[in-house]
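Enquirer: sequence and predicted model, in that order:
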Amino acid sequence: MTIDGTELAISLLEPDRKYYPGDVVLGVVNILTEKSSIKRSIVLELEGIVRTACKSEELSTLTIGLKGATRHPNIDQKESDATAIHHFGSSTYEGDSKAQIQYQLHVILKKGWLKRLKASHPVKIWERIDVDVPELHLPMEKYKQLHNPSGVIEAMIRVPRRGFCPDDVVPIELHINHYTRPKGPLTVYFYVLQKICREAKGYIMTENRVTATASSFLILDPDTLRLDLPLLFPLQSLVNPNTKTDLLTISSKLKIQIKLSEEESSEKIKMTFPIVIGTYNSGGLRWRTVDTLPLYEPAPPYSADR
């Protein structure tokens with residue numbers, strides 16, 4: 001921002017660093033002026049800004065934490081740097097225009113002969129969630145049986161752990177036993193449903209968002225009418241980490257549906273697995289990409305001519 005020949009800007013001292021709640025954020029304030037000298041000290045007000053949005057209001061600005069003041073006495077050079085320090089206590093959430101929590105490092109220059117100059121720089125705060133902990137290594141398994149006019153179908157699904165990170169691939173064991181011949185292929189849908197609660201100015205907004213989806217067409221063995229198959233479900237990078245702070249709560253569920261035929265009215269077997277989406281891992285077994293997993297032949301496309 002420039003007023004009367006004086007320019008004010010702010011940037012991050014460590015732009016490539018990942019910041020977590022409670023970390024100290026260092027900013028560099030740059031002042032460029034055409035004035036030959038500045039006789040009196042200037043005052044820089046440093047703020048941490050959180051921008052929030054909900055369904056019923058436009059973006060609003062709130063000040064979090066305490067304002068800090070940095071004084072620069074007798075600045076005679078045309079260009080000057082100052083260091084801004086601020087703590088951010090919660091994580092960033094950039095879901096959509098209806099629900100956001102964004103942070104900025106904000107600086108205001110006060111000078112008697114100048115109008116107020118303002119500048120800001122976005123800061124992304126990551127929730128520190130480690131998924132390589134014993135309680136998130138435990139497998140999850142569910143079994144369901146469905147009776148319908150075409151017969152009985154049994155399904156067992158096993159997920160090897162509860163903790164994952166964005167861009168991980170979830171290996172899923174699927175076991176199906178159909179006691180009568182199905183009308184067509186089975187369709188398995190996978191998706192991550194995230195419940196998002198965000199509070200600002202005393203208003204609590206709750207929203208459910210589907211943040212990752214996939215599907216597979218499966219054909220039972222014509223002789224045994226059984227299917228035992230490992231499936232791979234990639235979590236896209238847009239999946240938000242599980243978060244629990246004063247401002248924001250995000251919880252995640254992996255939901256799996258098995259559709260018994262291509263008919264719209266076809267019954268479904270539904271299973272839900274609570275999972276934790278983390279932001280980093282300290283080591284251990286990881287499923288980062290499909291390339292690190294065994295490859296399985298995809299099910300052939302269903303054809304009515306077969």
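Expert: Here it is on my side, so go on.

Enquirer: hey, which helix or strand in this structure has the poorest pLDDT?
Expert: Across the helices and strands of the chain, mean pLDDT, DSSP states H and E gives its lowest value to strand 57-72, namely a mean of 37.

Enquirer: doesn't residue 135 belong to a helix?
Expert: Yes: assessed by DSSP: H, G, I helix; E, B strand; the rest coil, residue 135 belongs to a helix.

Enquirer: spit out the contact partners of it.
Expert: Contact analysis of residue 135 by C-beta atoms under 8 Å, 6 or more residues apart in numbering lists residue 162. In this view, the C-beta of every residue, glycine as well, is placed from N, C-alpha and C.

Enquirer: try the one 3 residues further on
Expert: Residue 138 makes contacts with 161, 162, as judged by C-beta under 8 Å, 6+ apart.

Enquirer: list the buried ones in the helix or strand where residue 254 lies?
Expert: Using DSSP states H and E, residue 254 falls within strand 248-259. For strand 248-259, the neighbour count (16 or more other C-beta atoms under 10 Å) marks 248, 249, 250, 251, 252, 254, 256, 258, 259 as buried.

Enquirer: you'd agree the last one is up against residue 187?
Expert: Think residue 259. Yes: counting by C-beta atoms under 8 Å, a contact exists between residue 259 and residue 187, whose distance comes to 4.2 Å.

Enquirer: the stretch 101-250 of the chain: strands as residue ranges?
Expert: Taking DSSP state E, counting those that start in this stretch, the strands of the stretch 101-250 of the chain run over residues 117-123, 140-148, 151-159, 163-164, 169-178, 186-200, 203-218, 226-234, 243-244, 248-259.

Enquirer: average model confidence for the first one?
Expert: Just to be clear, that refers to strand 117-123. Averaged over strand 117-123, pLDDT sits at 82.

Enquirer: could you do the longest one as well?
Expert: Looking at strand 203-218 alone, the average pLDDT works out to 80.

Enquirer: now do that strand against strand 226-234, angle only.
Expert: 130 degrees (axes from the mean of the first three to the mean of the last three C-alpha atoms, to 10 degrees).

Enquirer: partners of strand 203-218 in the sheet?
Expert: strand 186-200 (antiparallel) (DSSP bridges).

Enquirer: list the buried residues in the strand it pairs with.
Expert: Going by neighbour count (16+ other C-beta under 10 Å), the buried part of strand 186-200 is 186, 187, 188, 190, 191, 192, 194, 196, 197, 198, 199, 200.

Enquirer: ok, back up a step: out of the buried residues of strand 248-259, flag the one nearest to residue 153.
Expert: Nearest to residue 153 among the buried residues of strand 248-259: residue 258, at 8.0 Å, using C-beta to C-beta.

Enquirer: any idea what the closest one is bridged to?
Expert: In this structure, residue 258 bridges to residue 188, residue 269 when assessed by DSSP bridges.

Enquirer: contacting residues for it?
Expert: 155, 176, 186, 187, 188, 268, 269, 270.

Enquirer: could you rerun that using 10 Å?
Expert: 144, 146, 153, 155, 157, 174, 176, 186-189, 218, 266-271 (C-beta atoms under 10 Å, 6 or more residues apart in numbering).

Enquirer: filter the residues you listed down to the buried ones, PyMOL style.
Expert: Buried residues within these, by 16+ other C-beta under 10 Å, are selected in PyMOL with:
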select buried, resi 146+153+155+157+174+176+186+187+188+218+266+267+269+271
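
Enquirer: domain assignment for the protein?
Expert: Domain assignment for the chain by the TED database gives 2-123, 134-280.

Enquirer: ok, of the ones you listed, where does mean pLDDT dip lowest?
Expert: Among the domains of the chain, domain 2-123 scores lowest, at a mean of 61.

Enquirer: thanks a lot, see you next time.
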